[in-house]
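Participant: Predicted coordinates and the sequence they were generated for:
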Amino acid sequence: MTIETSKAPQAKQAHDIGLILIAIACALSALYTVLFLSLLPFDRQIVARRDYIVYWATGQQLVHHQNPYDPAALNQLERDAGFTGGASYYMRNTPWALPLAFPLGFFGARAAALPWSLLMLALLAVSVRLLWKMLQPAPNHLDWLGYCFPPALECVDLGQTSIVLLFGLVLFLRFHKSRPFLAGAGLWLCSIKPHLFLPFALVLLAWIFVSRAYRILAGALAAMAVDAAFTALIDPSAWSQYIHYMRTSTITHEFTACFGDLLRDTLNPNAEWLAFLPAISACIWALIYFWPRRHAWDWLENGSLLVLVSLLAAPFGWIFDQSLALPAVLVGAARARSKWALSALAVIYVLIEIAVNRFDLHSRVYLCTAPALLAWFLLARASARKPAAAPLAGSPSPASLSSQ
């Protein structure tokens with residue numbers, strides 16, 4: 001009785017410390033984002049320095065029926081909008097992402113900047129809300145881990161589109177059982193940056209055929225067909241323009257903080273295929289991981305691990321792309337039973353927040369974030385699976401102890 005009662009306050013104290021650290025980490029992330037967004041309508045330089053400016057410039061080109069992959073034209077538009085940096089920004093996405101940028105072409109750079117970021121913030125909020133409903137019953141207030149996830153807020157601050165991919169992923173996780181066609185259509189959003197989903201996509205295809213979930217495949221193909229038609233309508237030459245851009249650009253040699261680029265730059269900077277070796281290895285592992293679990297596959301639980309591995313092995317990517325780790329973070333937080341799990345996650349939050357405010361996006365510091373999130377998720381999940389110790393034969397039960 002004495003041992004049990006002494007452990008209980010310790011566990012509660014550790015849990016309270018974890019909640020306090022989480023609250024501090026979330027407050028720091030949220031405060032910075034609120035302050036940043038409040039300046040957008042008034043500061044021309046902030047608008048022009050964000051990644052958003054390339055989506056706006058691309059939209060301008062599309063609305064005026066010009067080449068959205070023309071470096072000279074994009075450079076001029078961005079500098080006219082106030083960009084003063086070195087190399088200008090260019091939209092690297094394949095042509096089926098062009099419809100996202102198209103509406104921005106009808107507005108000025110500053111006029112559309114805040115609504116664009118608020119749209120990303122709204123998609124983040126909806127994604128977290130849908131995920132948290134799937135995880136009920138779960139600990140109270142831990143949904144703030146999603147709303148204040150540093151890579152996602154960095155995505156909002158920069159005006160990047162990785163939250164659009166997150167929203168598509170969450171739609172799939174939420175509706176793949178109840179509304180498979182809608183779930184498949186949501187997957188189209190993930191195709192905006194397909195390199196972030198290579199192991200995930202391979203297992204998805206295998207799962208579709210094993211479980212005969214062909215309505216998901218039909219939904220994805222239908223959404224892609226609609227998108228292809230709209231892309232052809234706004235820019236009939238999009239694919240030829242994109243192919244020419246990729247052949248003449250040196251952007252594929254740019255270093256991003258992922259192990260694919262690190263491997264390429266270490267062994268042979270000119271051998272682009274080396275960047276895909278980690279992803280190929282991850283695809284092999286993913287199939288090995290999936291096959292024994294194929295008949296009891298859980299996309300929220302097993303799929304979260306798959307997304308984390310996909311991010312870790314991506315051939316290229318940025319810290320804001322790790323917004324896709326958000327489902328795994330919420331799953332881990334909801335399932336964790338380790339008394340220090342929340343504290344460890346809070347430390348990761350704070351370190352990421354410090355990094356994005358201190359280091360350039362090309363910094364190798366960000367090589368640590370994907371492994372850290374993966375390691376935390378595995379530890380959190382392991383603590384959730386740990387069974388309670390069985391009482392020794394002849395030992396009194398907890399009920400009998402309490403009655404004494």
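Facilitator: Done, it's in.
Participant: Low-confidence bits of the chain, can you list those?
Facilitator: Low-confidence segments of the chain (pLDDT under 70): 1-19, 21-22, 25, 39-43, 86-88, 138-140, 250, 252, 385-404.
Participant: Show me the residue at the heart of it, geometrically.
Facilitator: Residue closest to the average C-alpha location in the chain (C-alpha atoms, centre = their mean): Leu324, at 1.9 Å.
Participant: my guess is that residue contacts Phe167, does it?
Facilitator: No. Using C-beta atoms under 8 Å, Leu324 makes no contact with Phe167, being 10.5 Å away. (Each C-beta comes from the backbone N, C-alpha and C, glycine too.)
Participant: Let me see the contact set for the residue nearest to the centre of the chain.
Facilitator: The contact partners of Leu324, by C-beta atoms under 8 Å, 6 or more residues apart in numbering, come to Ser162, Leu165, Leu166, Leu169, Leu196, Val307, Ser310, Leu311.
Participant: Distance to Ile280 added to those residues, as JSON lines?
Facilitator: As requested, the contacts of Leu324 are exported to JSON lines (distance: C-beta to C-beta, whole Å):
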{"residue": "Ser162", "distance to Ile280": "23"}
{"residue": "Leu165", "distance to Ile280": "22"}
{"residue": "Leu166", "distance to Ile280": "25"}
{"residue": "Leu169", "distance to Ile280": "22"}
{"residue": "Leu196", "distance to Ile280": "15"}
{"residue": "Val307", "distance to Ile280": "17"}
{"residue": "Ser310", "distance to Ile280": "12"}
{"residue": "Leu311", "distance to Ile280": "15"}
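Participant: Which ones among the residues you listed map onto helices?
Facilitator: Among these, the members found in helices (DSSP state H) are Ser162, Leu165, Leu166, Leu169, Val307, Ser310, Leu311.
Participant: most neighbours, which of these?
Facilitator: Most neighbours among these, by other C-beta atoms under 10 Å: Leu166, with 31 neighbours.
Participant: Wait, it touches Val128, no?
Facilitator: No. Between Leu166 and Val128 there is no contact under C-beta under 8 Å: 9.4 Å.
Participant: any idea how far stretch 195-214 is from the chain center?
Facilitator: 18 Å (C-alpha atoms, centre = their mean, to the nearest Å).
Participant: which residues touch it?
Facilitator: Contact with stretch 195-214 is made by 165, 176, 180, 187, 190, 194, 216-217, 279, 282-283, 285-287, 289-291, 294-295, 297, 303, 306-307, 309-311, 313-317, 321, 324, as judged by C-beta under 8 Å, 6+ apart.
Participant: list the buried ones in it?
Facilitator: Using 16 or more other C-beta atoms under 10 Å as the test for burial, stretch 195-214 gives 195-204, 206-208, 213.
Participant: Inside helices: which ones of the residues you listed?
Facilitator: Applying DSSP H to the buried residues of stretch 195-214, the entries found in helices are Leu198, Pro199, Phe200, Ala201, Leu202, Val203, Leu204, Ala206, Trp207, Ile208.
Participant: which one of the residues you listed sits closest to Ile243?
Facilitator: Comparing those against Ile243 with C-beta to C-beta places Leu198 closest, at 21.2 Å.
Participant: follow-up on the earlier one: just the buried ones from the contacts of stretch 195-214?
Facilitator: The neighbour-count criterion (16+ other C-beta under 10 Å) marks 165, 176, 180, 187, 190, 216-217, 279, 282-283, 286, 289-290, 297, 303, 306-307, 309-311, 313-317, 321, 324 among the contacts of stretch 195-214 as buried.
Participant: quick one: which of those residues sit in strands?
Facilitator: Secondary structure from DSSP state E places none of the buried ones among the contacts of stretch 195-214 in strands.
Participant: Can you lay out the ones in helices among the buried residues of stretch 195-214 as CSV showing distance to Lys339?
Facilitator: Shown next, in CSV, are these (distance: C-beta to C-beta, whole Å):
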residue, distance to Lys339
Leu198, 36
Pro199, 32
Phe200, 32
Ala201, 37
Leu202, 37
Val203, 33
Leu204, 35
Ala206, 38
Trp207, 35
Ile208, 40
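Participant: Name the nearest of the residues you listed relative to Ala97.
Facilitator: Closest to Ala97, out of all of those and judged by C-beta to C-beta, is Ala201, at 16.5 Å.
Participant: gap between the closest one and Ser310?
Facilitator: According to C-beta to C-beta, to the nearest Å, Ala201 stands 8 Å off from Ser310.
Participant: so what sits against both of these two?
Facilitator: Common contacts of Ala201 and Ser310 (C-beta under 8 Å, 6+ apart): none found.
Participant: tell me which of the buried residues of stretch 195-214 is nearest to Val156?
Facilitator: Leu196 (17.8 Å).
Participant: residues contacting the closest residue to that closest one other than its chain neighbours?
Facilitator: Spatial nearest neighbour of Leu196, chain neighbours left out: Ala314 (5.2 Å); criterion: C-beta to C-beta, 6 or more residues apart in numbering. If you count contacts by C-beta under 8 Å, 6+ apart, Ala314 has them with His195, Leu196, Leu198, Cys258, Gly260, Pro278, Ala279, Asp321.
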